[in-house]
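Novice: dropping a prediction and its sequence here:
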Amino acid sequence: MVNAQVVSAVSEAERKRIRGLIRDKFGIHAEKMIAVAMCESGLDKTSVNWGDAKITGNPSWGIFQINRKQFNGWDNPETNIQVAKEMFDRRGFQPWSCARRLNII
């Protein structure tokens with residue numbers, strides 16, 4: 001689970017906005033994906049997990065902790081959510097370890 005300090009660093013207004021963006025993009029899967037994003041990053045658009053680079057060679061970036069070489073807009077919620085939706089459309093919840101931790105898959 002994400003560190004409580006990270007969660008508190010994001011304002012409630014920003015969390016509400018990001019939840020709305022996720023609901024708009026993910027439809028019937030939105031509440032589960034909000035839970036995944038909360039677990040992955042605390043909905044912090046600037047979250048970077050450099051520890052993942054030791055495992056995969058790349059850090060994980062942004063709200064959905066997208067694991068790849070840095071991509072433009074990773075810290076833009078709309079871009080990060082769009083990339084997550086494209087991943088979800090191909091692989092469902094499988095890319096997110098938090099989905100397993102939350103017993104979504």
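Specialist: Okay, I see it.
Novice: name the nearest residue to the residue nearest the centre of the chain, sequence neighbours excluded.
Specialist: Centroid check for the chain by CA atoms, centre = their mean gives Phe64 as the closest residue, at 1.4 Å. Counting by CB to CB, 6 or more residues apart in numbering, Phe64 lies nearest to Ala84, which is 3.8 Å off, once chain neighbours are set aside. Heads up, the C-betas are built off the backbone N, CA and C, glycines and all.
Novice: so where does the residue nearest to the centre of the chain fall, helix or strand?
Specialist: Assigned by DSSP states H and E, Phe64 falls within no helix or strand.
Novice: pLDDT at it, what is it?
Specialist: pLDDT for Phe64: 97.
Novice: enumerate every residue touching Phe71.
Specialist: By CB atoms under 8 Å, 6 or more residues apart in numbering, the contact set of Phe71 is 61, 79, 83.
Novice: low-confidence ranges in this protein?
Specialist: 1-8 (pLDDT under 70).
Novice: got the residue ranges for the strands in it?
Specialist: Assigned by DSSP state E, the strands in the chain fall at 48-49, 60-61, 66-67.
Novice: so which of the ones you listed is the most surrounded?
Specialist: Per-stretch averages of neighbours, counted by mean count of other CB atoms under 10 Å, single out strand 60-61 among these, with a mean of 24.
Novice: can you list contacts of that one?
Specialist: 40, 47-49, 52, 66-68, 70-71, 74-75, 80.
Novice: equivalent analysis for stretch 28-38, please.
Specialist: 2, 7, 18-19, 22-23, 26, 43, 63-64, 84, 88, 93, 96, 98-99, 102, 104.
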